[in-house]
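Novice: Dropping the sequence and predicted coords here.
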Amino acid sequence: MKRIMKTTEHIHFIGIGGYGMSAIARVLLEMGYKITGSDVAEQSLTKRLVEGGAVIHYGHKAEYVEGADTVVYSTALPEDNVERVEALRLGIPTIHRSQMLARLLNERQGIAVAGAHGKTTTSSMTALAMEECGTDPTYIIGGEIVGFGTNAKAGKSDFVVAEADESDGTFLQYYPYISIVTNIEADHLENYEGSFEKIKEAYVQFLNQTREDGLAIVCADDENLRELKPKLTCKLVTYGMGEDADYRISDIDLGDRRASFTVSTEGEELGRVNLFVPGKYNVYNATAALIACLKSGIPFEEAAVGLSKFHGAKRRFQVLADAAGVLVVDDYAHHPTEIEATLRAAKSTGKRIVAVFQPQRYTRTFFLLDAFSRAFSDADEAIIVDIYSPAGEEPIEGVHSSSLTELIKQNSNPNSQYLATKEEVLENLSGRIQDGDLVITMGAGDIWKVSHKLAEDWKNRNL
């Protein structure tokens, strides 16, 4: 297949420290490109890139783009960033992160994972299973795979596993060999003119961009995907628990941080899959990953063993402490459906669940206020902290965590309280955690700092 990139290129990343940007930069670095970048501060991902040979500056200056053949930026970067402005002045090609990922994914056997929930876990499962089976894929993932210690690698095979982000419509840049859609929900409406129909139209286009020699894999149990099925012209297989699914899931057994299930197709049982991550949602994620492995030429038995080696992705039901009868867990759940699924998985541990939730974005909280208020019934108690809002987002009158807490009390969990800050949460919990408790932080902001501090203090207390 024709390669459109040259390894003599110098590629500069503005905001190189984010998961998505750093993952692409790492792969290109391992492929032999000259990589430079800039970000506001040093962090673990940038340190690893520097160790690999990248040159990274902290702060932003126009001079940092000099000599670059291509400059890459992300959606979060303002148009008036001095490096972006200078690149345009110098005539250096300036492209979005998704366009650079498209160069990698479209010219190879791309496996692109999209969906409202489960993208990081499903792509991580696929990459790890393929790696364990000797396929040696390239992978570019929005979260660190536990046990791998990284979120990206340049493999020697033609397979490229990556997340396809629907939030800003950039997944329409991709023409994958295998496309996966785990589910569709009304999220990121602010980027789709407030219209759920426009989001669904974008998913139809994404799936129909699957290559003719490839395969689209979608969940048959998702009502929105079922609604879209007549509009799909790509080669399609479905998975789910219903009789009409091409790959049928049955005999699910859920336990404490584990799950197992049987997969059948065309009336024939393929075998059983054992996972060491919790929750029914991970059964679905693993089935999608399994089908991608089968399409890539990996036998069922080998793929199932590969999936059994998966122990989670960072911030996806990540166990931070398991000591003296207490579990401290962190999770990225920031949408009502994700919260419900995560709390159901937590319930399978048999422990008393203390859920600490930090809403992210005023717009998301506004659009999904009622759904959020009904999402906490599986927690024994819920603590809601102030909304985490990215720079530049304006508050919306009446949208506040205190009012959300009152709605939660009415609609799903009367044992809920509002604590404004992370410091108040730590003070509240530190003195009363006891044997039999599971404390879980949830959200896409910085609420993880609470569980990390709590886990550290609890482990030190029980040494």
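Specialist: That came through, no problem.
Novice: Confirm for me that Val50 is in contact with Ser44.
Specialist: No: with contacts counted by CB atoms under 8 Å, Val50 stays clear of Ser44, the gap being 10.9 Å. C-beta here means a position set from N, CA and C on the backbone, and glycine is covered the same way.
Novice: Met125: which element?
Specialist: In this structure, Met125 sits in helix 119-132 according to DSSP states H and E.
Novice: can you give me the end-to-end distance of stretch 223-242?
Specialist: For stretch 223-242, the first and last residues are 12 Å from each other (CA to CA, to the nearest Å).
Novice: where does this structure dip in pLDDT?
Specialist: By pLDDT under 70, the weakly predicted segments of the chain are 1-7, 146-149, 188-189, 191-192, 312-313, 462-463.
Novice: residue nearest the centroid of it?
Specialist: Relative to the mean C-alpha position of the chain, the nearest C-alpha, by CA atoms, centre = their mean, is the one of Thr120, at 3.2 Å.
Novice: Which of the three states applies to the closest residue in space to it that isn't next to it in sequence?
Specialist: When the adjacent residues along the chain are set aside, Thr120 lies closest to Gly143, with 4.1 Å between them (CB to CB, 6 or more residues apart in numbering). Counting by DSSP: H, G, I helix; E, B strand; the rest coil, the backbone at Gly143 sits in strand.
Novice: what about Gly143, how many neighbours?
Specialist: For Gly143, the number of neighbouring residues by other CB atoms under 10 Å comes to 22.
Novice: and Ala162, what does it touch?
Specialist: Neighbouring residues of Ala162 by CB atoms under 8 Å, 6 or more residues apart in numbering: 101, 104-105, 110-113, 123, 139-141.
Novice: With distance to Glu394, secondary structure and neighbour count as extra columns, can I get these in CSV?
Specialist: Converted to CSV, those look like this (distance: CB to CB, whole Å; DSSP: H, G, I helix; E, B strand; the rest coil; neighbours: other CB atoms under 10 Å):
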residue, distance to Glu394, secondary structure, neighbour count
Leu101, 30, helix, 28
Leu104, 36, helix, 19
Leu105, 35, helix, 24
Gly110, 37, strand, 26
Ile111, 38, strand, 32
Ala112, 33, strand, 29
Val113, 32, strand, 33
Ser123, 33, helix, 31
Tyr139, 37, strand, 27
Ile140, 32, strand, 27
Ile141, 32, strand, 29
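Novice: Could you count how many residues lie near the residue lying closest to Thr233 once chain neighbours are set aside?
Specialist: Nearest in space to Thr233, with sequence neighbours left out and distances taken as CB to CB, 6+ apart, is Asn208 at 5.3 Å. Under the neighbour criterion other CB under 10 Å, Asn208 is assigned a count of 13.
Novice: which residues of the stretch 301-450 of the chain fall in strands?
Specialist: Listed from the start of the chain, the stretch 301-450 of the chain has strands (DSSP state E, counting those that start in this stretch) covering 318-323, 326-331, 352-357, 381-384, 416-418, 437-442.
Novice: Now do the same contact list for Ala23.
Specialist: By CB under 8 Å, 6+ apart, the contact list for Ala23 reads 140-142, 151-152.
Novice: Repeat the analysis, applying 7 Å as the threshold.
Specialist: 140-141, 151-152 (CB atoms under 7 Å, 6 or more residues apart in numbering).
Novice: go on, Ile16?
Specialist: Counted by CB under 7 Å, 6+ apart, Ile16 has contacts 22, 25, 37-39, 46, 49, 56.
Novice: Same question for Gln358.
Specialist: 385, 388, 443, 445, 447.
Novice: now Ile92
Specialist: 65, 68, 70-71.
Novice: got it, and Thr238?
Specialist: For Thr238, the contact set (CB under 7 Å, 6+ apart) comprises 218, 220, 245-246.
Novice: And the closest residue to it other than its chain neighbours, how far from Cys234?
Specialist: Excluding the flanking residues, the one nearest Thr238 by CB to CB, 6+ apart is Ala220, at 3.7 Å. In this view, Ala220 and Cys234 are 15 Å apart by CB to CB, to the nearest Å.
Novice: Of the two, which one has the most company?
Specialist: A count of neighbours by other CB under 10 Å puts Ala220 above the other of Ala220 and Cys234, at 21 against 17.
Novice: I figured that one hits Gly240, correct?
Specialist: Yes: counting by CB atoms under 7 Å, a contact exists between Ala220 and Gly240, whose distance comes to 3.6 Å.
Novice: other SSEs contacting the longest helix seen in the chain?
Specialist: With residue count as the measure and DSSP state H as the assignment, the chain has helix 280-295 as its longest helix. Applying 3 or more CB pairs under 7 Å, 6 or more residues apart in numbering; DSSP states H and E, one finds that helix 280-295 makes contact with helix 119-132, strand 178-181, strand 215-219, strand 236-240, strand 247-255, strand 258-265, strand 268-275, helix 300-308.
Novice: quick one: strands adjacent to the fourth one?
Specialist: For strand 236-240, the paired strands and their directions (DSSP bridges) are strand 215-219 (parallel), strand 247-255 (parallel).
Novice: closest to Glu227 out of the ones you listed?
Specialist: strand 215-219 (11.4 Å; CB to CB).
Novice: chain center to that closest one: distance?
Specialist: Its chain's C-alpha centre lies 18 Å from the corresponding centre of strand 215-219 when counted by CA atoms, centre = their mean, to the nearest Å.
Novice: So for the very next helix or strand once past it, what gets flagged as buried?
Specialist: Toward the C-terminus, strand 215-219 is succeeded by helix 223-228 as the next helix or strand (DSSP H and E). Neighbour-count burial for helix 223-228, counted by 16 or more other CB atoms under 10 Å, picks out 224-226, 228.
Novice: can I assume Ile41 is in contact with Gly59?
Specialist: I think there's a mix-up here, since residue 41 is Ala and not Ile. No: here Ala41 does not reach Gly59: they are 8.8 Å apart, not a contact under CB under 7 Å.
Novice: Alpha carbons only: can I get stretch 353-360 in CSV?
Specialist: The C-alpha coordinates for stretch 353-360 follow below in CSV (Å, rounded to 0.1, in the frame of the first residue of the first chain):
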residue,chain,number,x,y,z
ILE,A,353,-20.2,1.9,47.7
VAL,A,354,-19.3,5.5,48.3
ALA,A,355,-19.4,7.3,44.9
VAL,A,356,-17.7,10.6,44.5
PHE,A,357,-18.7,12.4,41.2
GLN,A,358,-17.3,15.5,39.6
PRO,A,359,-19.5,16.7,36.7
GLN,A,360,-17.5,17.9,33.7
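Novice: Thank you kindly, that will do.
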